[in-house]
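Enquirer: starting from these lines, generate the structure:
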Amino acid sequence: MIPFRHLIKAQNRAAVRLLGTAAPNPSRGAASPKPLSSSKYGAAAAALLAATAAGGAIALAESKKVDSKYRKLPKQKYPSPETPPIHPKESHHSDLNNPPPRPDLPTIPLEEVEQHSDEESMWYTFRGGVYDLTFFINGHPGGTPRLLMAAGQDLEPYWEVYRQHLRGHVVQWMEKYRIGNLSEEDAKKAVKGITFGDMFETDPIRDPNNLACTEKPFCGEPRIDLLTENYITPNELFYVRNHLAVPDIDPDEYVLIVKGKGIKKHKFTLEDLKTKFPKYEVVTTLQCAGNRREDLHNNEHQIFIAPHWVVGAISNAKWGGVKIRDVLQYCGMDVDAMSLGKLEDPKIKHLQFESYDTDETGFCYGNSIPIESAVDALGEAMFAFEMNDEPLPRDHGFPVRVIAPGHVGNCQAKWLHKVIVSDKESSKPWKQKSYRGFAPDINFEEDLSHWPPKRLDQAPIALFQPVTSLVCNPPQNSLMGAKDLSEITVKGVAWSGGGRGIERVDVSIDGGKSWTAAELYKPVEQKMNRQWAWTQFSKTLKLPEEVRERLARGEQVSLDITSKAMNSDFNLQPETMEPYWNARGVCINHWYHVKTKLDPNREPNNIQHDNSEIEFANTPSGGKFAQPWDAHGFTTDPKHQTNPRAHIEPEASHF
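Expert: All right, here's what the predicted structure looks like:
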């Protein structure tokens, strides 16, 4: 088996980028995790090395010029919110990630820890503590290979990159599995012995108004007060959900492989897709299955999966590409007979997707959709290569991605590499683990960390999302001028998964005590059960007499603005999250409350954010974080305060 440390040191940087993994910067030191001893996961590393060794046989990403529009920063359309300075010495979380002293536990030599680095025994160290997490081998939402990559080593260098682990609750959970301590000398040696390369240095540079919920991998949501500026979300503001680093792919060297049950294997270039099949366009909303996950992370329940989206992982765009059913038909599938129910083949049930983006071990992203979604003549599922009349930006899957309207975002694989017709769903963790809806009494600490839990049959995989709506304006935690004000205008967006339309949105400015229907706006016409795109809503409401009287006396008045949408199945949003709280934080749609304060001493239309309590331009329902946000752990720990993009490679200028 090939040690991964040797793989990293031997690989050509550009070849690895083509495969979707950015090699560490040699000047900063190479990653040196333990060997992947399992043949199952070691095969991925071996394949990566073989591809690298091919040298000239692989067309390198930088060997040809990419279109110039991918080499310049997108024009900024909106003002950027100021970023508060970081003051590490003033952090009140300085001890949050420091394991407590445990003199009752034995001192374990570092050399012994290093021996526990395979599937049979996985030990880790962190700030002097020694942890046996062997049981967790299948519990990590991101898959087993990364656990094996760091087994037998200290976690500090890895968490310098993946700082979402540093919000405190992860270390607190690990303490339950602490088996010993390192000596003071070994604790220092454990950290100094590893330099973990940053595979995200080639990621594109993002618009400042695309707010990072996690930096690495980048998961960014637009400021929601901008979502009602346009019906179509501008590319630079469209939310970004990356599971891994962004590959830098030469479009002239791009290849899509389509294979599997009942079809003839084909390889398509980008030019093939554009010339062999009719082009179609569809306007559809995408939303991450975990949007508003931070709402479920509080003092009573904690969420152990990233990112903790705040509220804005939803956007709307026009996509251009070729229908998946047309490509499958070209490969020999009778899509018409299948869509009409005249042909049923037990070997053809799912369409699996594998992508060019990989983790540090060569393990690629993957997901799947039911075959019915792919062959449906009215379903409009496509292999997209355009977004809002432009080539796909790198963050959104350049050069080709899946668009499956109505489905959860994670099904719609970016940087598409392989399409596999199968009788099974994708086996990737992003399908089988990360997006299941568990019952409220199931938690990560006792159940999901010991994967698989007993009753997976009671935890369906999210495929479509429930009806939802968000008040976007007035902005959350805003101070509004209210001099001589008698009315207020509320704006927002509403959407329902599965192609269900929005029939009505009710709005309230008193926290839900009274409601009135808003005006709806949807400029695109879509058929029944094909309502892929969101609906924007607005309503100008007269201020209650009591509010006007208080304003007349010069008092500031607080409003609690919320909304609830009803879809074409007459499903309504629930008021609270308690009935459906789930440990993965998926399909969240309880009322979103916006707190706004009216100031009679300010002129109308004068709006400013109250920055006294805000840690992020977007906030959970009600305007406050239940747990300290600290950029989702990126600025929590005093030992990890560096700029996340302090080191970038030339490919970062490719958009």
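Enquirer: for the rest of this, base every contact and every neighbour count on C-alpha atoms.
Expert: Noted.
Enquirer: just give me the residue right at the centre of this structure.
Expert: R241 (3.4 Å; C-alpha atoms, centre = their mean).
Enquirer: who touches that one in this structure?
Expert: F218, C219, G220, C288 (C-alpha atoms under 8 Å, 6 or more residues apart in numbering).
Enquirer: you'd agree R602 is up against K483?
Expert: Yes: counting by C-alpha atoms under 8 Å, R602 touches K483, with 5.7 Å between them.
Enquirer: neighbour count: those two, which is higher?
Expert: Per other C-alpha atoms under 10 Å, whichever of R602 and K483 has more neighbours is K483, with 18 against 15.
Enquirer: does the more buried one count as helix, strand or coil?
Expert: coil (DSSP: H, G, I helix; E, B strand; the rest coil).
Enquirer: can you tell me which residues contact the residue nearest to it when sequence neighbours are not counted?
Expert: Nearest non-adjacent residue to K483, counting by C-alpha to C-alpha, 6 or more residues apart in numbering: P600, 4.3 Å away. Residues in contact with P600, defined by C-alpha under 8 Å, 6+ apart, are G481, A482, K483, D484, L485, L551, A552, G554, E555, Q556.
Enquirer: then D560?
Expert: Per C-alpha under 8 Å, 6+ apart, neighbours of D560: S508, I509, D510, G511, H593, V594, K595, T596.
Enquirer: so how far is K274 from V322?
Expert: 8 Å (C-alpha to C-alpha, to the nearest Å).
Enquirer: kindly apply the preceding question to A187 instead.
Expert: From A187 over to K274 (counting by C-alpha to C-alpha), the distance is 56 Å.
Enquirer: which of these two has more neighbours?
Expert: A187 (20 against 14).
Enquirer: name the SS class of that one, please.
Expert: helix.
Enquirer: quick check: closest non-adjacent residue to it.
Expert: That would be G128: by C-alpha to C-alpha, 6+ apart, it lies 5.1 Å from A187.
Enquirer: go ahead and confirm that neighbour touches N181.
Expert: Yes: judged on C-alpha under 8 Å, G128 makes contact with N181 at a distance of 5.6 Å.
Enquirer: helices of the chain, start to end?
Expert: For the chain, the helices defined by DSSP state H cover 4-10, 13-19, 39-53, 110-114, 144-150, 156-161, 169-174, 184-192, 270-276, 324-330, 335-339, 371-375, 429-432, 545-552.
Enquirer: quick one: closest of those to V258.
Expert: helix 324-330 (8.1 Å; C-alpha to C-alpha).
Enquirer: and the closest one, what other elements does it pack with?
Expert: helix 335-339, helix 371-375, strand 382-387 (3 or more C-alpha pairs under 8 Å, 6 or more residues apart in numbering; DSSP states H and E).
Enquirer: and if we set it to 7 Å?
Expert: If contacts are counted by 3 or more C-alpha pairs under 7 Å, 6 or more residues apart in numbering; DSSP states H and E, helix 324-330 sits against helix 371-375.
Enquirer: what distance separates the helix it packs on from the centre of its chain?
Expert: 24 Å (C-alpha atoms, centre = their mean, to the nearest Å).
Enquirer: about what we covered before: of the helices of the chain, which is nearest L520?
Expert: helix 545-552 (26.5 Å).
Enquirer: quick one: mean pLDDT for that closest one?
Expert: The average pLDDT within helix 545-552 is 97.
Enquirer: quick one, which of the contacts of R241 are buried?
Expert: F218, C219, G220, C288 (16 or more other C-alpha atoms under 10 Å).
Enquirer: what residues sit buried inside stretch 387-403?
Expert: Buried residues in stretch 387-403 (16+ other C-alpha under 10 Å): 387-388, 391-403.
Enquirer: now the terminal residues of that stretch, how far apart.
Expert: 11 Å.
Enquirer: which residues does that stretch contact?
Expert: 240, 246, 251, 317-320, 381-386, 412-416, 655 (C-alpha atoms under 7 Å, 6 or more residues apart in numbering).
Enquirer: got the contact list for V419?
Expert: Counted by C-alpha under 7 Å, 6+ apart, V419 has contacts I257, V258, K259, L351, Q352, F353, E354.
Enquirer: one more time with 10 Å
Expert: Contact analysis of V419 by C-alpha atoms under 10 Å, 6 or more residues apart in numbering lists 256-260, 265-266, 324, 328, 351-355, 366-368, 402.
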